[in-house]
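Visitor: need coordinates for the below:
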Amino acid sequence: MYFPVDPPFILQYKRPYDGQDLVQARFRINSNEGNTQHRVLDLVSRRRLCDVYYVFPIIVRNRVFLRSMGTFAINSVFVPPERITDSVSSKAQSWMRTSHIVTVTLSNRGFVVRSSEEGKGFGLSKDGVLGKIRDRLATHQRRESAEDLPSFVQENIGAMRGAVREAGIMKKSEHTISYVAQRRQPGKEPSTGYLSVTTQL
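Guide: Modelled structure (predicted):
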């Protein structure tokens, strides 16, 4: 039987719309119908229901994309949504309900977010994100009798949906949530795997 290692995580991949391969690229965030995606990601991350990262690959042209198989994550910058939100010090009340342009630089993993206001900050490398997941695996609480993986997934998605509705976000946005799980058998080392679920929040 597999037991969950919480919290799960969302990797929200973004496609660049222009830039220079492996140097810097620009991305649009929160441009879904109703401009709710960033608000949802920020909310579930801050409530610690899920670890969330925007994934900004600094790969603009298709031929570079095709050559990047196996190195895609190395050429990407991972940014928690709250870092983007918190980088803008004085936001208009409507800031969470508008789309934004994020310029990301690969060499220092820096970003600049622009809309009506501007903010700056830094993201993480692939190794930084994987290190956080490894730390979580090493220190997580055992759940052996408390909950199996399907029950945990259902309860977690329900909690995220509840938090989103409680915050008054009525337009749904689609996200893929990944759950890390460990299988334990008597006399054997635990094995680790993951399950991804695409759902509307």
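Visitor: the longest strand along the chain: what's the following helix or strand?
Guide: Longest strand in the chain by number of residues, with DSSP state E as the criterion: strand 2-13. Note on strand 2-13: by DSSP states H and E, the next helix or strand toward the C-terminus is strand 18-20.
Visitor: which of the residues in that following strand are buried?
Guide: Under the neighbour-count criterion of 16 or more other C-beta atoms under 10 Å, strand 18-20 has G19 buried. C-beta coordinates here come from the backbone N, C-alpha and C atoms, glycine included.
Visitor: other residues contacting the next helix or strand after it?
Guide: Using DSSP H and E, the helix or strand that follows strand 18-20 towards the C-terminus is strand 24-29. Around strand 24-29, the neighbours that count as contacts under C-beta atoms under 8 Å, 6 or more residues apart in numbering are 14-19, 37-38, 54, 56-60, 84, 99-106, 113.
Visitor: confirm Y54 sits in a strand?
Guide: Yes: per DSSP: H, G, I helix; E, B strand; the rest coil, Y54 lies within a strand segment.
Visitor: that one bridge partners, please.
Guide: Beta bridges link Y54 to Q12, V79, judged by DSSP bridges.
Visitor: what of Q20?
Guide: Q20 has the following beta-bridge partners by DSSP bridges: Q24.
Visitor: before we move on, the earlier item: filter the contacts of strand 24-29 to the buried ones?
Guide: Here, 16+ other C-beta under 10 Å leaves 14, 16, 19, 37-38, 54, 56-60, 84, 100, 102-106, 113 buried among the contacts of strand 24-29.
Visitor: buried stuff in stretch 34-46?
Guide: Per 16+ other C-beta under 10 Å, stretch 34-46 contains these buried residues: N35, T36, Q37, H38, R39, V40, L41, D42, L43, V44, S45.
Visitor: just give me how far that stretch sits from the chain centre.
Guide: Computed by C-alpha atoms, centre = their mean, to the nearest Å, the chain-centroid distance of stretch 34-46 equals 10 Å.
Visitor: next one: stretch 10-23
Guide: Remark: stretch 10-23 is offset 14 Å from the chain centroid, using C-alpha atoms, centre = their mean.
Visitor: got the end-to-end distance for that stretch?
Guide: Using C-alpha to C-alpha, to the nearest Å, the end-to-end distance of stretch 10-23 comes out at 25 Å.
Visitor: and for stretch 136-151?
Guide: Using C-alpha to C-alpha, first and last residues of stretch 136-151 are 20 Å apart.
Visitor: just stretch 65-73 next, same as before
Guide: End-to-end distance of stretch 65-73 (C-alpha to C-alpha): 11 Å.
Visitor: list the buried residues of it.
Guide: Buried residues in stretch 65-73, counting neighbours by 16+ other C-beta under 10 Å, are found at S68, A73.
Visitor: now the helices for the chain?
Guide: Secondary structure of the chain (DSSP state H): helices at 37-46, 62-67, 81-87, 126-139, 149-166.
Visitor: good, wrapping up.
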